[in-house]
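Asks: what follows is a predicted protein model with its sequence.
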Amino acid sequence: MTAQARILFIDDEQRVLTSMRAMFRRDYEVHLASSGAEALALMREHDFDVVVSDQRMPEMTGVEVLREARSIAPKSMRILLTGYADLEAIETAINESEVFRYLMKPCPREQLKETIALAVDAVRGMSADARDDAAAALSVGGSEAAAASAPDSAAVTAVDLMVLSEDGELLQDVRHAVEDRWQVHHAASVADAIDLLAERPVGVLITDAAVDEAAVSALTAELKQHVPELVTIVASQRSDAHMLINLINHGQVFRFLLKPVSVGQCRLWLSSAVTRHTELMAHPETVQRYRVPESTASDRQGALFSGVIAGVRRLRSRVLGLGGSPG
Amino acid sequence: MSSRIGTCLALVPVALAALVLAGLLLVSTQPGDESLRRLDLSVRQAAEIAPRVVGAALDMEPGAAGRMAVARSQEALTERLTRANRAFETLEPVEPDGYQRLRRYAVVAFNSIDVQAAERAGDGRLRAEFAAVNAGAAAFSVRAENYLTAHQRWSRNHEFIVSESRNLVGTLRREREGVAADTLFASVEQLLDRSRMQIILSGAEINALLAAVRSVAERLPVEQRPRIEALTDAMAALPSQQRMVHAAAEELEASPLPGLLNGLREQVSADMVHRLSTVSDARVVLNVYTGLLLLVLVYFGLRLRTSYRALNRSHDELETRVLERTRDLEQANVDLKESQVQLVQAEKMSSLGQLVAGVMHEINTPLMYVQSNVQTNAENLQDMLGQMQPALALARCVHAGRVDRETLRERLTELGHALEPQAFEEGIEELRQLSEDSVDGLRQIAELVQSLKDFSRMDRADEARFDVRDGLEKTLTITRSTHKYGVEVVRDFADVPLIHCAPSKINQVFINLVNNAVQAMDGSGTLTLSTRAREGWVEVAVSDTGCGIAPEHLDKITDPFFTTKPVGQGTGLGLSIVRQIVEEHGGRLRVESEPGRGTTITLSLPLERAASEEAA
């Protein structure tokens, strides 16, 4: 095991890179790249634990670099650090780059440090074997095509889907996309959803942000905290930068689905989501990779769910304990 | 209407019947008898009146006057007919000539009547009656013929007896057979008297008279005696002839013709009454019909009145509504104006928002590293301070004057251990580097803040002398985030005089044009800003190498709300506001574009804001 975690910073502004190196050089092995191409070359050369990229850069944007990073260095944690809340970029950051955090410049020094420490922990915290396993799992599960081509492997494990939505449209879309491969439950309210989570081996939650945006954000965050193996897809009629960033940073939402839903897209993502869930169940230590900060006292909505969901967690571990530990 | 014609048609047969009757009576009464003359007169009058009845009926006007005229005519006709009938009843057609004429006319008249009746009357009973009259007339004429024959035979015999007896009496007188002459004369005279009086002598009386006449024959010359024979034969035949005349007369008198005529008259009269009643029925129907029509008319009148009232009401209502709508429209107009103002404001805020977002990023990046650098430097300084502690202690010793060799060595060793020269130098270098970067960053921030400050005058329409190049530079500074990547900026600035304008507004125009140009290029291209001085004018051109504007859109691009962007991505007010501002300054806006090649927008601004007075 190397003494220091290796971190790659990508920014077209040299001064930012200098600043980052000055900030982190004491604790980590810091590498710098001033463009996407340079960064990708470095990634092929070294194993990075964490890759931090700016979004707006000439030639290649941050999310593009991080999307490439997913296949070049699947186990490295991806963080976006940007001055823009660009909607399209955020959607890509979720759905394609699968970033660990979306940080806005100017990011408070402490927050940046904590986030990077957390990301390093997620990688370094695992045993070397587990890390290799996880890396292998990630490289398979990380690829959408792999998920689509091997749906049977996902189907063997008992995984249920749950749609949290007030109207039937999303449910219908999901049922259409699933084609009886998995059982799909419908929860019309957050309370229903919590009940179902306790009773059924729900592995993937598809929730409609329209139910109650704040509540959904808070619920997603709480669920990720207490039921980390649950994979969440959020669907919404509109996208809002603030909401999406919140969903990444606090909910580690797996995918963001813009309504009206494309059935093909939905099918692909549901497969990936089930695969991701299966991996998380098989390698519980990988949940670290999707850790979210604990809800603060000021987050009332979250606090409201917190107790309930903690209970759900206990219940689930009992219920799913039977089939939840393959191999 | 049809009812009225029906009534008229019903009257026509009545009048025809009257005419027929009149004609019949006219032709069947000729001689100078008083009753015949009366009949003639009545029938003529009836015949005159009948057409009038028909005429009146045909021309009958609806209303009391018309009806009364018809009624009067009908009454007159009935009266005349009654009179004619009475005359007919008193008519005694005993004269041979009258009978003859009657027969002749009757045949002709009835023949024609029959046809007419068959054709026109159409009434079964009347036709039968006419036929009966016709047949009766035929029979009557036969009887009249018989009578006339019998009468003729008798009257010739009578004449012969008279002349022959006169001759014989004369002959006897000449023979001086006075007694015989007297006997003959008396006997013949007795017979003729009786014959003239239509008294039929019995056989005994005749025989006595004949014996008396034969007795005188001996007194006559022999050649004259056969004449007595002839006379007695004629005298003997007279009574039987007289009887035949009587019989024929009786038969004639027993003829049913008068009765038939009377019947016809009654029939016609009854028919007329029937027709009249039909007419009166029709009149009732007509009245009812008229009444109904009147009711309908009244109904429609009422309806019309109601409709008029409704119309008036709805008219009033309509006016009220029109007034309401007008008020609504006025309100809508006011609202529209307000919302237009709000939209313009929104556009301003939106461009301001974009501006702020862009500027924010431009500020955030340096802010990020300045912040971090300062903190890192603080940490570094803390480190260095730690490393420098022995040196400081040494310095304190020196200052205190307590420097002995031992202490000096001790401190210097300490210092040498604490201080890693390379790391320290690196630290110093980093410190310098970070400080330098921070200073640059702060300068960038300060520039941006300064630009923003200039732009923050946006809503104050301060008039000033303004160098458009300054405005363009500031614009480029604060929009830098939009064209930092991929867009090459070319500044083609010729020396230009200051213009008198509202700088914040002109800056707004520049920002709008630059943003449009950058958006048109979608990330890569060349943005060229140029300034030129023209006689009394300054020209500013903003060129891009972007997608260009379709020719059909070229006229509309400065129209309010015109946009080719998807809903929600642009208010379509940007260029509209640009034009407004330029016009307020008395300037002009020229757009040249080639789709796929790029667009150049040229502003011409006057040095003095001449046209601004009225616009402002």
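Replies: Happy to help now that I have it. Numbering: from 1, shown residues only, chains lettered A, B, ... in the order given.

Asks: just give me the residue closest to the centre of chain A.
Replies: The residue lying closest to the centre of chain A (CA atoms, centre = their mean) is A:Gln252, at 3.8 Å.

Asks: distance of that residue from A:Leu40?
Replies: In this structure, A:Gln252 and A:Leu40 are 25 Å apart, going by CB to CB, to the nearest Å. In this view, the C-beta of every residue, glycine as well, is placed from N, C-alpha and C.

Asks: before we move on, the earlier item: mind checking pLDDT for the nearest residue to the residue nearest to the centre of chain A once chain neighbours are set aside?
Replies: Distances taken as CB to CB, 6 or more residues apart in numbering or on different chains put A:Tyr290 closest to A:Gln252, at 4.1 Å, once the chain neighbours are dropped. In this model, A:Tyr290 is scored at 83, pLDDT.

Asks: can you get me a residue count around A:Tyr290?
Replies: A:Tyr290 has 20 neighbouring residues, counting by other CB atoms under 10 Å in any protein chain shown.

Asks: now do the contacts for the residue nearest to the centre of chain A.
Replies: Contact partners of A:Gln252, counting by CB atoms under 8 Å, 6 or more residues apart in numbering or on different chains, are A:Phe100, A:Lys224, A:Thr232, A:Tyr290, A:Arg291, A:Val292.

Asks: ok, back up a step: quick one: contacts for the residue nearest to A:Gln252?
Replies: With CB under 8 Å, 6+ apart as the criterion, the residues that contact A:Tyr290 are A:Phe100, A:Lys224, A:Pro228, A:Gln252, A:Leu280.

Asks: make it 7 Å
Replies: Residues counted as contacts of A:Tyr290 (CB atoms under 7 Å, 6 or more residues apart in numbering or on different chains) are A:Lys224, A:Pro228, A:Gln252.

Asks: in the stretch 101-250 of chain A, which residue sits nearest chain B?
Replies: When scored by CB to the nearest CB, the stretch 101-250 of chain A has A:Pro106 as its residue closest to chain B, at 3.8 Å.

Asks: ok, that residue touching B:Pro366?
Replies: No: at 8.9 Å, A:Pro106 and B:Pro366 do not qualify as touching, with contact defined as CB atoms under 7 Å.

Asks: so which of these two has more stuff around it?
Replies: When neighbours are counted by other CB under 10 Å, B:Pro366 comes out ahead of the other of A:Pro106 and B:Pro366, with 27 against 19.

Asks: list the contacts for the more buried one?
Replies: With CB under 7 Å, 6+ apart as the criterion, the residues that contact B:Pro366 are B:Gly441, B:Gln444, B:Ile445.

Asks: mind checking which helix or strand it is in?
Replies: Under the criterion of DSSP states H and E, B:Pro366 resides in helix B:257-400.

Asks: and the helix or strand that that helix is followed by, what other elements does it pack with?
Replies: Going down the chain from helix B:257-400, the next helix or strand is helix B:405-418, by DSSP H and E. With contacts defined as 3 or more CB pairs under 7 Å, 6 or more residues apart in numbering or on different chains; DSSP states H and E, the secondary structure elements packing on helix B:405-418 are helix B:257-400.

Asks: helices of the stretch 451-600 of chain B, start to end?
Replies: Applying DSSP state H, counting those that start in this stretch to the stretch 451-600 of chain B gives helices spanning B:468-478, B:480-483, B:503-521, B:551-554, B:574-584.

Asks: the stretch 201-327 of chain A now?
Replies: Listed in chain order, the helices found in the stretch 201-327 of chain A under DSSP H, counting those that start in this stretch are A:213-226, A:241-251, A:263-282, A:300-320.

Asks: put the alpha carbons of the third one into PDB.
Replies: Listed next in PDB are the C-alpha coordinates belonging to helix A:263-282 (Å, rounded to 0.1, in the frame of the first residue of the first chain):
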ATOM      1  CA  VAL A 263     -38.600   3.700 -22.400                       C
ATOM      2  CA  GLY A 264     -35.400   2.500 -23.900                       C
ATOM      3  CA  GLN A 265     -33.300   4.800 -21.700                       C
ATOM      4  CA  CYS A 266     -35.400   3.800 -18.700                       C
ATOM      5  CA  ARG A 267     -34.900   0.100 -19.400                       C
ATOM      6  CA  LEU A 268     -31.200   0.500 -19.700                       C
ATOM      7  CA  TRP A 269     -30.900   2.500 -16.500                       C
ATOM      8  CA  LEU A 270     -33.100   0.200 -14.500                       C
ATOM      9  CA  SER A 271     -30.800  -2.700 -15.600                       C
ATOM     10  CA  SER A 272     -27.800  -0.700 -14.500                       C
ATOM     11  CA  ALA A 273     -29.500   0.200 -11.300                       C
ATOM     12  CA  VAL A 274     -30.300  -3.400 -10.500                       C
ATOM     13  CA  THR A 275     -26.700  -4.400 -11.300                       C
ATOM     14  CA  ARG A 276     -25.400  -1.600  -9.100                       C
ATOM     15  CA  HIS A 277     -27.700  -2.800  -6.300                       C
ATOM     16  CA  THR A 278     -26.500  -6.300  -6.700                       C
ATOM     17  CA  GLU A 279     -22.900  -5.200  -6.500                       C
ATOM     18  CA  LEU A 280     -23.500  -3.200  -3.400                       C
ATOM     19  CA  MET A 281     -25.100  -6.200  -1.800                       C
ATOM     20  CA  ALA A 282     -22.300  -8.400  -2.800                       C
END
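
Asks: same question for it: list its buried residues.
Replies: By 16 or more other CB atoms under 10 Å in any protein chain shown, the buried positions in helix A:263-282 come out as A:266-282.

Asks: also the shortest one?
Replies: Of the residues in helix A:241-251, those buried under the neighbour-count criterion (16+ other CB under 10 Å) are A:Ala241, A:Met243, A:Leu244, A:Ile245, A:Asn246, A:Leu247, A:Ile248, A:Asn249, A:His250, A:Gly251.

Asks: and chain B, which of these contact it?
Replies: Among these, none lies close to chain B by the criterion of CB under 7 Å from any CB of the partner chain.

Asks: ok, back up a step: which one of the helices of the stretch 451-600 of chain B is the most hemmed in?
Replies: Between the helices of the stretch 451-600 of chain B, helix B:503-521 has the highest mean count of neighbours, a mean of 22, where neighbours are mean count of other CB atoms under 10 Å in any protein chain shown.

Asks: does any bit of that one sit next to chain A?
Replies: No: residues of helix B:503-521 are not located near chain A by CB under 7 Å from any CB, the shortest gap being 13.9 Å.

Asks: okay, the angle between that helix and helix B:574-584?
Replies: Going by axes from the mean of the first three to the mean of the last three CA atoms, to 10 degrees, helix B:503-521 is angled at 140 degrees with respect to helix B:574-584.

Asks: how about the residue of the stretch 101-250 of chain A closest to chain B: what's its closest non-neighbour residue?
Replies: Using CB to CB, 6+ apart, the closest residue to A:Pro106 is B:Met368 (3.8 Å).

Asks: what's the distance between that neighbour and B:Ala208?
Replies: To B:Ala208, B:Met368 is 190 Å away according to CB to CB.

Asks: now the strands for the stretch 1-150 of chain A?
Replies: Listed in chain order, the strands of the stretch 1-150 of chain A (DSSP state E, counting those that start in this stretch) span A:6-10, A:29-33, A:50-53, A:77-82, A:101-104.

Asks: who's in contact with A:Ala122?
Replies: Under the contact definition (CB under 7 Å, 6+ apart), the residues listed for A:Ala122 are A:Met77, A:Gln288, A:Arg289, A:Arg291.
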